[in-house]
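Asks: Sequence first, predicted model second:
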Amino acid sequence: MTTQAARVGRPRSEEARTAVLHAVDDLLVEVGYAAMTMKGIAERAGVGRQTVYRWWSTKAEILLEAAAADAREELAVTISGDLRTDLRRYLDQLMRFLTTSVAGAAYRALLGEAQHDRAVAELVAADDVLFETACTVLRSAPSSRASRSEERAAAAILTGPVVLWVLTGQDPDELTLLDVVDALTSLTGA
């Protein structure tokens, strides 16, 4: 069940929800994804386990909800009208998000877990925040009339080098983001 699906029972307490989302972020930084448990999340948030399980089925669901809202904010780019500038700004923000943000650390942890947990892979794919934010920038191109599959490919071309660079532990300063922008804009004819 995804976090967007309505749950049966009492409505969420916004205070409890916020406490759980902060707790999952704190625990990710302190103990890492593998050591994090639903019980630990509930204890850190100061709520009962039944409260946590009423709204989320897994720690991955909680972590994705915590990361997604922050990611949408951290990866938002004010569209200038110049595609190269907008793409570069987006890639700069993506690099910062993946290397310095708690939400970025959560996203990286979920990507790692998705490699051997099909349910986590499906969860991340269903709420693909990088695809969503990249497409916002890509759609600003004057001749943007791409199909959904073309958008997915363009988003992968845009975000892929940065994600690969970060996930393989490369020095972020050694990736020339303008080269990524140049490659993408040459493919799109922009």
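Replies: Cool, the structure landed.
Asks: Going by neighbour count, which residues of the helix or strand hosting residue 99 are buried?
Replies: Assigned by DSSP states H and E, residue 99 belongs to helix 83-100. By neighbour count on 16 or more other C-beta atoms under 10 Å, the buried set for helix 83-100 is 83, 86, 87, 88, 89, 90, 91, 93, 94, 95, 97, 98. C-beta here means a position set from N, CA and C on the backbone, and glycine is covered the same way.
Asks: Please determine how far the closest residue to residue 93 other than its chain neighbours is located from residue 100.
Replies: In space, residue 93 comes closest to residue 75 once its chain neighbours are excluded; the distance is 5.4 Å by C-beta to C-beta, 6 or more residues apart in numbering. Separation of residue 75 from residue 100 (C-beta to C-beta, to the nearest Å): 13 Å.
Asks: now do residue 118
Replies: In this view, residue 118 and residue 100 are 30 Å apart by C-beta to C-beta.
Asks: in the longest helix seen in the chain, what's buried?
Replies: The single longest helix within the chain, with elements called by DSSP state H, is helix 148-167. Buried residues in helix 148-167, counted by 16+ other C-beta under 10 Å: 151, 154, 155, 157, 158, 159, 161, 162, 163, 165, 166.
Asks: Include pLDDT and distance to residue 113 when you put these into TSV, please.
Replies: Output for the buried residues of helix 148-167, formatted as TSV (pLDDT from 0 to 100; distance: C-beta to C-beta, whole Å):
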residue	pLDDT	distance to residue 113
151	84	26
154	85	26
155	90	21
157	88	25
158	89	24
159	93	19
161	91	22
162	93	20
163	94	15
165	91	20
166	93	16
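Asks: Turn those into JSON lines, including distance to residue 109.
Replies: Formatted as JSON lines, those follow (distance: C-beta to C-beta, whole Å):
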{"residue": "151", "distance to residue 109": "26"}
{"residue": "154", "distance to residue 109": "26"}
{"residue": "155", "distance to residue 109": "21"}
{"residue": "157", "distance to residue 109": "24"}
{"residue": "158", "distance to residue 109": "22"}
{"residue": "159", "distance to residue 109": "17"}
{"residue": "161", "distance to residue 109": "20"}
{"residue": "162", "distance to residue 109": "17"}
{"residue": "163", "distance to residue 109": "13"}
{"residue": "165", "distance to residue 109": "17"}
{"residue": "166", "distance to residue 109": "12"}
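Asks: right, and out of those residues, which lies closest to residue 141?
Replies: Nearest to residue 141 among the buried residues of helix 148-167 is residue 154, at 9.2 Å by C-beta to C-beta.
Asks: so what's the closest one closest to, chain neighbours aside?
Replies: Distances taken as C-beta to C-beta, 6+ apart place residue 138 nearest to residue 154, at 5.2 Å, with adjacent residues excluded.
Asks: For that neighbour, give its distance to residue 94.
Replies: Using C-beta to C-beta, residue 138 is found at 13 Å from residue 94.
Asks: Having no further points to raise, I will conclude here.
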